[in-house]
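Asker: Got a sequence here, can you build the structure:
(2 chains)
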Amino acid sequence: MKTLFAIIQKEMRQLRRNTLLLVIICVSPVIILGIIPFSLEKQVKINLSIVDQDKTATSRMMAYRMQASPFYSSVASETTLDRALSRIRKNKSDIALVIPENFERDADLGNQEPLFLTIDGTHTLNAQSHLAFLEEALQSQRSGGKENGLAEVHYLFNPELDGRIYFIVSLLILLVTLIGVCLITINIVSEKESGMWSQLQATPLSLLQYLAAKLVVFAAVGLAEMIIGLAFCRAVYSFVVLGPISDYLLLTLIFLFPMLMLGIFIASITKNQVQAVYMLVLVLLSVILMSTMFSFLNAMPDWAQKMRFLNPLYYMLDASRLMVLKGFSLATVWVQTGILVFQGIVLSVATLLIFRSPSSLNQN
Amino acid sequence: MKRTSGILSVARKETRHIWRDKLSMLILFGLPGLIVGVFGFVLSFEIKEVPVAVLNAKHDAGIERLFQKIDASPCFHVVKSLSHSGEIIDAFASHNIKMVVVADHEPAKALVSGDLPEVHIFMDGSESKLAIAAGSITRKLIASFFREEFPEATAGAVFPEPTVRFLYNPELRREVMPIPGLMMIIFILISAIMLSVSIVKEKEQGTLKLLALTPVLPSDMVFGKSLPYLFITIFHIFSVLLINYFVFGMTIAGSSLHFLALNLLFAVNSMAFGLLIASRVQRQIEVAILCWLFLFIPNVFLSGFIFPLITMPDFLQTLAWLMPGTSFIEAYRGIVFKGTGWLENALPFALLLAQIVLVLAISARGFKHQKAGR
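Answerer: You can find the predicted model right below:
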């Protein structure tokens, strides 16, 4: 126990004395969290071009209503469809709406010509959600504001449909993951490379104690990142954890166990820092891109969905969304937590086996 | 002549370093193709098979048919059937459920008495775009269901649906969206990291000081070190293009030469950013963290790859244009999807070029400072 404490103290001192690194890991999350979330669309904002071929009171009313609504950040009137399309081409608007001729006249006759919408399809989900929004607005305008009575949509957990909070959670977890894993991997590999590792092996310190100390120190760093991030987001974006906060911090710690073990695992199979940095790119990119951070689980192909059993980040995101965004407690997400612990144990065993194997001893 | 031979000998030394480290070499050469080939299929914000829970409180046969219709749609997949309304909130905790459809009436009887039945859709609003789009799709499904089942009762409540056309990506093909973004991630991370790590490694081990004793000028040394990595980058460009062509069947609407020029310019730009980082730090750990935090995260979030630029507030759009990734993605979309020419892409190209010049100038000062300081 005393040895463990001593080695933890050594790690803490080393971390504290590398001022540049300390500044980087304390300041950069704040810079990133201070800028990036503003780029996320808080509310639906559609840039619309209207081509009014009807030029009647009804069609003009329609355009005015859209200009007045907060959901359209700009509404431009164009004379021809071609000009509206060129606005889309220049990324000045994302939807063009054509109100056909005789729109008002035919409205009463029943054989009305439909409205014509052209949408920039480059961003699939954006195109779909903007289209859905516009269609609903048009529908309710034409039926005079009343719902058409067949189905009513209730939005739970996020009634204002704030698009930011979902990605703030991802961003926080991304920061904790990147900083924690990069630090622990390169820290261990640099000790291997500089020969410190061999010297430590000549002390009474056991391998288990050595790894446990690293785990404790960098889990503390990761937890500190999470606390800084949560506090910052709360102050700036009034972002709150709906579930119990102590549960969430505990979940962060549990998540850091397999994630940091993954870092130690990379350290165990690489010989120098260059290899470790490349390996980190490979592993972290795979873990991040497979984690549903930038995709929906059900939209991924089957093999990719199955790969999630290998991916601690997936379970962390899943559990975090339930706890932070929907207010469930740790007890509800026990499956995800259990899998995280299990992944951590498997990785620990694999790492210990590699470190103990004879080839690892004569590496240096 | 003497300078050229100096540059070449540094380049030769660097090539040997790369060649002798087999694990690194494997990752260096294989990674870009792997990332694009594998993750091109994975990244997708598509509404497909969204898990749904249903509640048919009165066990009505008509409602059962409605739920079958929802299940049959490619957008939804009914995974759970609830038994009473108290379970609605808890349903969201399992099976990744995003939506609960609740019907607590018998439409056939309700319609006889004259009022339209109401179906309640409870959406998980935390991912707002999914919620809006999926909510609207469900409403349309339900409306068309009632129109088919009870045509006489619902007549008159119907308006002609607008005609919709999607530009550039007419079938909303999902693989098209992530590829420029993945290429951007690869270049920005790998090109930047490999060059800066190779320089900072020498700093950390002290071999940079030994190199300073050789007749090779410091600027030639940096240039010589960059050369092998430039060739690796060119290899990356072609390997990614081959995968795009054979795996995803990519066709370039504009000129291919133009497209190659864009890729090369962007890769050199990333290498310049790598040099900038290398000129400022002393340890490889700082390189790794800085590259991930300040190249990866801002370029992923601000480049318009996942979150469209047009939806950002004005000051962030300006900031986003400072990111090299934004220029790359805009020009990529322009050349590959829209078929625009040199003139229309002048801005992204000029920005990339200006960044290279600026970043190289700053990093040159950084390298000089360190020489003087030590």
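
Asker: Can you give me the pLDDT of residue B:342?
Answerer: Looking at residue B:342, its pLDDT stands at 80.

Asker: no no, residue B:255
Answerer: If you check residue B:255, the pLDDT there is 82.

Asker: Could you pull up the residues touching it?
Answerer: B:335, B:341 (CB atoms under 8 Å, 6 or more residues apart in numbering or on different chains). All C-beta atoms are positioned from the backbone trio N, CA, C, and that covers glycine.

Asker: and with 10 Å instead?
Answerer: Taking CB atoms under 10 Å, 6 or more residues apart in numbering or on different chains, we find residue B:255 in contact with B:261, B:335, B:339, B:341-342.

Asker: Model confidence for residue B:314, exactly?
Answerer: Residue B:314 is given a pLDDT of 80.

Asker: Quick check: closest non-adjacent residue to the spatially most central residue of chain B.
Answerer: Nearest to the mean C-alpha position of chain B, by CA atoms, centre = their mean, lies residue B:181 at 3.7 Å. Using CB to CB, 6 or more residues apart in numbering or on different chains and skipping residues adjacent in sequence, the residue nearest residue B:181 is residue B:305, 3.3 Å away.

Asker: ok, now which ones touch that neighbour?
Answerer: By CB under 10 Å, 6+ apart, the residues touching residue B:305 are A:123, A:294, B:43, B:177-185, B:299, B:325-326, B:328-329, B:332-333.

Asker: would you list every one of the helices in the stretch 51-200 of chain A?
Answerer: Here the stretch 51-200 of chain A has its helices, by DSSP state H, counting those that start in this stretch, at A:57-68, A:81-89, A:103-107, A:124-142, A:165-194, A:196-201.

Asker: ranking those by burial, who's on top?
Answerer: Among the helices of the stretch 51-200 of chain A, the stretch with the highest mean neighbour count (mean count of other CB atoms under 10 Å in any protein chain shown) is helix A:165-194, at a mean of 23.

Asker: thinking again about what came up before, right, and the helices of the stretch 51-200 of chain A - which one's nearest residue B:22?
Answerer: When the helices of the stretch 51-200 of chain A are compared by CB to CB, helix A:165-194 sits nearest residue B:22, at 16.8 Å.

Asker: chain center to the closest one: distance?
Answerer: Distance of helix A:165-194 from its chain centroid, counting by CA atoms, centre = their mean, to the nearest Å, is 15 Å.

Asker: next one: stretch B:223-231
Answerer: Here the centre of stretch B:223-231 is set off from its chain's centre by 27 Å, with CA atoms, centre = their mean.

Asker: same deal with stretch B:72-84?
Answerer: Worked out by CA atoms, centre = their mean, stretch B:72-84 lies 30 Å from the chain centre.

Asker: same deal with stretch B:94-109?
Answerer: Its chain's C-alpha centre and that of stretch B:94-109 lie 35 Å apart, by CA atoms, centre = their mean.

Asker: is any part of it close to chain A?
Answerer: Yes: interface with chain A: stretch B:94-109 contributes B:94, B:96, B:98-103, B:107 (CB under 10 Å from any CB of the partner chain).

Asker: Let's see the ChimeraX selection covering just the buried ones among the residues you listed.
Answerer: Per 16 or more other CB atoms under 10 Å in any protein chain shown, the buried members of these correspond to this ChimeraX selection:
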select /B:96,98,99,100,101,102,103,107
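
Asker: ok, the residues of stretch B:94-109 next to chain A vs residue B:26, which is closest?
Answerer: Nearest to residue B:26 among the residues of stretch B:94-109 next to chain A, with distances taken as CB to CB, is residue B:96, at 35.7 Å.

Asker: and that closest one, how far is that from residue A:159?
Answerer: Counting by CB to CB, to the nearest Å, the separation of residue B:96 from residue A:159 is 21 Å.

Asker: Residue B:329 too?
Answerer: Distance from residue B:329 to residue A:159, by CB to CB: 33 Å.

Asker: of the two, who's got more company?
Answerer: residue B:329 (23 against 9; other CB atoms under 10 Å in any protein chain shown).

Asker: residues contacting the more buried one?
Answerer: Neighbours of residue B:329 in contact, by CB under 10 Å, 6+ apart: A:122, B:180-181, B:183-184, B:266, B:299, B:303-305, B:309, B:323, B:348.

Asker: Could you identify the most distant pair in those?
Answerer: Farthest-apart pair in the contacts of residue B:329 is A:122 and B:266; separation 18.7 Å (CB to CB).

Asker: returning to that earlier point: ok, so of the contacts of residue B:255, who is nearest chain A?
Answerer: Using CB to the nearest CB, residue B:339 comes nearest to chain A of the contacts of residue B:255, at 10.3 Å.

Asker: Isn't that closest one up against residue B:256?
Answerer: No: counting by CB atoms under 10 Å, residue B:256 is not a contact partner of residue B:339; they are 11.6 Å apart.
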